[in-house]
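**Q** 3D model of this:
(one chain, ligands or ions: 1)
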Amino acid sequence: MKTLIVYYSRTQTTKRIAEMIQKELDCDIEEITDGNKYNGKLGFMKGGMNATMGRASDIDPITKNPSDYDLVIIGTPVWSSNMVPAIHTYLLKYNDQIKNMASFCTCMGGGYDKALDKIAEVSGKTQLSTMFLTSKEIENPQEKIKTFITKIE
Ligand SMILES: Cc1cc2nc3c(=O)[nH]c(=O)nc-3n(C[C@H](O)[C@H](O)[C@H](O)COP(=O)(O)O)c2cc1C
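**A** Down below sits the predicted model:
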């Protein structure tokens with residue numbers, strides 16, 4: 001199965017997990033960026049507000065065409081019990097080009113169920129596999145990643 005991992009990461013946690021999954025699957029990966037508009041304290045507050053409102057935000061151009069892949073794995077930090085605005089935008093823009101989807105999120109400890117539900121709702125796609133990692137789990141994510149991958153292979 002040709003797989004692409006698409007993720008957003010403000011402080012590199014989701015990036016680290018995305019790269020671990022990439023290593024296991026030996027697949028392509030694309031980081032979604034939005035011009036660092038959520039950096040710093042002000043960015044934190046703006047990010048929380050925009051995620052609460054379910055807002056999308058402008059993203060930088062992508063380099064990988066999702067329609068070239070059998071499966072797209074979406075990775076997002078949880079912001080205010082939601083996916084981040086940049087991932088919301090990615091789904092609004094490219095969902096039609098995605099054949100199959102799986103998703104994961106990283107968080108401090110709450111809101112992951114709502115964030116994953118929102119991805120399924122916005123995409124309208126049954127997720128082949130889902131995973132959340134809390135800050136407690138993030139140091140040793142191997143077992144959860146293995147389970148996550150087993151469902152999509
Ligand atoms: C604006 C904002 C809102 C957040 N909201 C939540 C939340 O609702 N629940 C939670 O458990 N963590 C929340 N977090 C923490 C992040 O989800 C967590 O630190 C995540 O692992 C960061 O991923 P990253 O390093 O890839 O950016 C929030 C972080 C930010 C910046």
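**Q** In the chain, what helix or strand scores lowest on average pLDDT?
**A** The weakest-scoring helix or strand in the chain, judged by mean pLDDT, DSSP states H and E, is helix 40-52 (a mean of 91).
**Q** counting contacts, what elements does that one pack onto?
**A** If you count contacts as 3 or more CB pairs under 8 Å, 6 or more residues apart in numbering; DSSP states H and E, helix 40-52 packs onto helix 85-94. From N, CA and C alone the C-beta is placed, and that goes for glycine too.
**Q** Is there proximity between stretch 34-46 and the ligand?
**A** Yes - judged by CB under 6 Å from any ligand atom, stretch 34-46 comes into contact with the ligand at residue 44.
**Q** which residues are contacting that stretch?
**A** 8, 10, 47, 57, 58, 59, 60, 84, 85, 86, 89 (CB atoms under 8 Å, 6 or more residues apart in numbering).
**Q** How far off centre is it?
**A** 18 Å (CA atoms, centre = their mean, to the nearest Å).
**Q** Endpoints of that stretch, how far apart?
**A** 13 Å (CA to CA, to the nearest Å).
**Q** buried ones in that stretch?
**A** 34, 38, 46 (16 or more other CB atoms under 10 Å).
**Q** buried stuff in stretch 125-144?
**A** 125, 127, 128, 129, 130, 131, 132, 133, 137, 138, 141, 144.
**Q** before we move on, what about stretch 43-61?
**A** So stretch 43-61, judged by 16+ other CB under 10 Å, has buried residues 46, 47, 50, 51, 56, 57, 59.
**Q** Give me the three-state assignment for the most centrally placed residue in the chain.
**A** By CA atoms, centre = their mean, the chain has its centre lying nearest to residue 75, at 1.8 Å. Assigned with DSSP: H, G, I helix; E, B strand; the rest coil, residue 75 falls in the strand class.
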